[in-house]
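Student: Coordinates for the following, if possible.
(one chain, ligands or ions: 1)
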Amino acid sequence: MLDWDHIFATRSSRMRASEIRELLKLLDRPDIISFAGGIPDPELFPDVEFKDAYAEIFSGPAVSAALQYSVSEGYKPLREWLAKQMEKIGIPAGVDNIFITSGSQQGLDYIGKLFLSPNDTALVTWPTYLGALQAFNAYEPHYDQLNPGGNRTPAAYAEAAKAAGGRVKFAYLSADFSNPTGETVDLAGRERVLDLAEELDIAVIEDAAYQSLRYDGEAIPPILALEIARKGDINHTRTVYCGSFSKTLAPGLRVGWVCASETVIRKLVLLKQAADLHSSTINQMAICTVAERGFDAQVAKIHRVYKHRRSAMLAALEKYMPAGVTWTKPEGGMFVWVTLPKGMDGTALLAKSLETAKVAFVPGRAFFADGSGENTLRLSFSCANDKMIEEGIRRLGDLVRGEAAALAA
Ligand SMILES: Cc1ncc(COP(=O)(O)O)c(C=O)c1O
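Tutor: Presented below is the predicted three-dimensional model:
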């Protein structure tokens, strides 16, 4: 076989299939109860609404535009709907502050491309969204730990970045119900991230993929809203907000957006022209129709189901997990983050769990830029019914109890 490694660009060396992904290939087995996939429940997709929307596009005058090339910024009526939507959450934005992407994942890739030169530093939380690390890795950055509750000085970050051969370019975080922990950054933490970004003169990347999925508690203003309150105008801000329809309407259409200052949006548009010209116009039109007709009702439907599953999972953890195991209590999103007793390894536990307990989850190590977090794991409740949750967490609790006892012996 040809040895491609010296032909591939050096950036490709960080693109590797993980051992965890190999283990998770086993998930399709019907005997496994899976809390691994962080995906929406397909039962909740507004499929009839989408069927009607596509039928209307195909039977009306919009069909030519739907099938034709289009502008890189995105479908204007959708950008207008999004501008109004952003205003509702405290972000006064014009259409020129909104840019449509093929899922927010594409937004993250473009952000990596726009901001990171090799050896620059990206600040990310420990743990963070694995897909963000994958998107940024291609641009060969270093990572440093962003801790919205911490007190590391801007100078300390700047020095570490300089020693790594570049400078800090942005702080990336998911402030609401993050993937993987389900946790939310409080108001003071958001303000601290903004202070840090101002001192370091860097961008803030606000990943809002789960922001609409709050089941209880008070909404906290998005970081971009807080910065607009400081600066008076979105075009003076340094926060780049990445939104997604994947968790509310459906991920298969691949429609997300970026909301930011016009200067950043104009650059992103140029990147898109080079990458894929524009996102699927017909999918943007369908999303726009479905969103205009019933976004709030769809979100309310999802809330009812996921809130119930979240509460069922927290109750089952309480019932079945042995002492020494802790977990987050998310007010929204799709995930609960479990910390096992020190010395236990999530990846080894997954291998054993698939074999004996027949329960799947994602070992937490995958979400740490520094490869730490051995004794953590991510559970997703979005696709699990009551029976799966009760039985799956019972089996997992038994397995963890046995492993903890063996460790203590
Ligand atoms: C935190 C976070 N950001 C972004 C994404 C990407 O979503 P999409 O590209 O479907 O909008 C995901 C998907 O799981 C996610 O969990």
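Student: tell me the contacts of Phe115?
Tutor: When contacts are counted by C-beta atoms under 8 Å, 6 or more residues apart in numbering, Phe115 touches 122, 169-170, 203. Heads up, the C-betas are built off the backbone N, CA and C, glycines and all.
Student: Between those residues, identify the one with the most neighbours.
Tutor: Within the contacts of Phe115, most neighbours by other C-beta atoms under 10 Å means Ala122, with 30 neighbours.
Student: Not including adjacent chain positions, what is the nearest residue to it?
Tutor: Pro141 (4.7 Å; C-beta to C-beta, 6 or more residues apart in numbering).
Student: can you put the contacts of Phe115 in CSV and add distance to Thr376, secondary structure and pLDDT?
Tutor: Output for the contacts of Phe115, formatted as CSV (distance: C-beta to C-beta, whole Å; DSSP: H, G, I helix; E, B strand; the rest coil; pLDDT from 0 to 100):
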residue, distance to Thr376, secondary structure, pLDDT
Ala122, 21, strand, 98
Lys169, 27, strand, 98
Phe170, 25, strand, 98
Ala203, 28, strand, 98
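Student: In a markdown table, list these along with distance to Thr101.
Tutor: Shown next, in a markdown table, are these (distance: C-beta to C-beta, whole Å):
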| residue | distance to Thr101 |
| --- | --- |
| Ala122 | 19 |
| Lys169 | 19 |
| Phe170 | 17 |
| Ala203 | 16 |
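Student: The ligand contacts on the chain?
Tutor: 38, 103-105, 129, 131, 174, 179, 207, 209, 244, 246, 251, 256 (C-beta under 6 Å from any ligand atom).
Student: pLDDT score assigned to Glu391?
Tutor: Glu391 carries a pLDDT value of 98.
Student: So it sits against Phe35, correct?
Tutor: No. If you go by C-beta atoms under 8 Å, Glu391 and Phe35 don't touch, sitting 11.4 Å apart.
Student: between the two, which one's more packed in?
Tutor: Phe35 (26 against 15).
Student: And that one, its phi and psi?
Tutor: phi -110, psi 20 (degrees, to the nearest 10).
Student: so where's the chain uncertain?
Tutor: Across the chain, the stretches falling below the confidence threshold (pLDDT under 70) are 17-24, 26.
Student: the longest helix in it is where?
Tutor: helix 281-320 (DSSP state H).
Student: after that one, next one along is what?
Tutor: Downstream of helix 281-320, the first helix or strand assigned by DSSP states H and E is strand 326-327.
Student: Touching that following strand from outside, list them.
Tutor: Residues contacting strand 326-327 (C-beta under 8 Å, 6+ apart): 314, 317, 321, 336-339, 379.
Student: Looking at those, spot the one nearest the ligand.
Tutor: Lowest distance from the ligand to the contacts of strand 326-327 (C-beta to the nearest ligand atom) belongs to Trp337, with 13.2 Å.
Student: Please name the nearest non-neighbouring residue to that closest one.
Tutor: Thr181 (3.9 Å).
Student: one step back: redo the contacts of strand 326-327 as TSV? Include neighbour count.
Tutor: Shown next, in TSV, are those (neighbours: other C-beta atoms under 10 Å):
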residue	neighbour count
Leu314	18
Leu317	20
Met321	20
Val336	25
Trp337	23
Val338	24
Thr339	18
Leu379	29
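Student: Which pair in those residues has the greatest spatial separation?
Tutor: Leu314 and Thr339 (14.6 Å; C-beta to C-beta).
Student: ok, the closest residue to the ligand within the chain - how many residues close by?
Tutor: Per C-beta to the nearest ligand atom, Gly103 is where the chain lies closest to the ligand, at 2.6 Å. Gly103: 22 surrounding residues under other C-beta under 10 Å.
Student: Now stretch 291-307: buried residues?
Tutor: 291, 295, 298, 302-303, 306-307 (16 or more other C-beta atoms under 10 Å).
Student: likewise stretch 25-42?
Tutor: 32-36, 38, 40-41.
Student: Just name the closest of these to Val240, please.
Tutor: Proximity of the buried residues of stretch 25-42 to Val240, judged by C-beta to C-beta, is greatest for Gly38, which lies at 22.5 Å.
Student: which one is the closest one nearest to, not counting chain neighbours?
Tutor: Here the residue nearest Gly38, using C-beta to C-beta, 6+ apart, is Ser380, at 4.9 Å.
Student: quick one: that neighbour from Ile202, how far?
Tutor: 31 Å (C-beta to C-beta, to the nearest Å).
Student: just Ala209 next, same as before
Tutor: Distance from Ala209 to Ile202, by C-beta to C-beta: 21 Å.
Student: One more: Ile100?
Tutor: Relative to Ile202, and taking C-beta to C-beta, Ile100 is found at 25 Å.
Student: Kindly report the same for Ala312.
Tutor: Using C-beta to C-beta, we find Ala312 at a distance of 41 Å from Ile202.
Student: For these two, indicate the residue with more neighbours.
Tutor: Neighbour count, other C-beta under 10 Å: between Ala312 and Ile202, Ile202 has more, with 24 against 19.
Student: got the contact list for that one?
Tutor: 123, 168-171, 238.
Student: Pretty sure Leu123 sits against Ala161.
Tutor: No. When contacts are counted by C-beta under 8 Å, Leu123 is not listed as touching Ala161 (9.0 Å).
Student: More neighbours: those two, which one.
Tutor: Taking neighbours as other C-beta under 10 Å, Leu123 and Ala161 compare with Leu123 leading, 27 against 23.
Student: Give me the three-state assignment for the more buried one.
Tutor: strand (DSSP: H, G, I helix; E, B strand; the rest coil).
Student: ok, back up a step: what is the neighbour count of the residue nearest to Ala122?
Tutor: 27.
Student: what phi and what psi does the backbone show at it?
Tutor: According to degrees, to the nearest 10, Pro141 has phi -90, psi 170.
Student: now swap in Pro363 and tell me
Tutor: For Pro363, the backbone dihedrals are phi -60, psi 140 (criterion: degrees, to the nearest 10).
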